[in-house]
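Engineer: Need coordinates for the following:
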Amino acid sequence: MIAPDEIQAVDEESTVDGLGVGVPNDLIRAVHGYVVDAADRDGIPISRSELLDLLIKPSLNGIPLLILGNKIDKSEALSK
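Structural biologist: Below you'll find the model as predicted:
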């Protein structure tokens, strides 16, 4: 299971703090994509860690995974 952790959603008008509920391992198999907020530089280490956790799961071996960079149009977004 991907462990629950504190999350924060931010847009131009508001910030919402919450708690991620985690994902049971049997549901992870249905995941075929991973979205990275390219403008959230502070969140990149967490996103990287979560992605690496997915990539080393034996149950996901051989399943294609599309990695998308979201918000690449923002000036603070990572270029790569």
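Engineer: In contact with the residue lying closest to residue 72 once chain neighbours are set aside, which residues?
Structural biologist: Leaving aside its sequence neighbours, residue 72 sits nearest to residue 38 (CB to CB, 6 or more residues apart in numbering; 5.0 Å). Backbone N, C-alpha and C define where each C-beta goes, glycine included. Residues near residue 38 by CB atoms under 8 Å, 6 or more residues apart in numbering: 69, 70, 71, 72, 74, 77, 78.
Engineer: do the same with residue 34
Structural biologist: 51, 54, 65, 66, 67, 68.
Engineer: quick one: strands adjacent to the helix or strand containing it?
Structural biologist: Using DSSP states H and E, residue 34 sits in strand 33-37. Sheet pairing of strand 33-37 (DSSP bridges) gives strand 66-70 (parallel).
Engineer: returning to that earlier point: take the contacts of residue 38 and write them to CSV, including distance to residue 32.
Structural biologist: Putting the contacts of residue 38 into CSV (distance: CB to CB, whole Å) gives the following:
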residue, distance to residue 32
69, 16
70, 16
71, 21
72, 20
74, 25
77, 23
78, 23
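Engineer: Now intersect the residues you listed with the helices, please.
Structural biologist: Judged by DSSP state H, the subset of the contacts of residue 38 located in helices is empty.
Engineer: which one among the residues you listed gets closest to residue 45?
Structural biologist: Residue 45 has its nearest neighbour among the contacts of residue 38 in residue 78, at 12.3 Å by CB to CB.
Engineer: The closest one reaches residue 41, doesn't it?
Structural biologist: Yes. Residue 78 is within contact range of residue 41, at 6.9 Å (criterion: CB atoms under 8 Å).
Engineer: Show me which of these two is the more surrounded one.
Structural biologist: residue 78 (15 against 11; other CB atoms under 10 Å).
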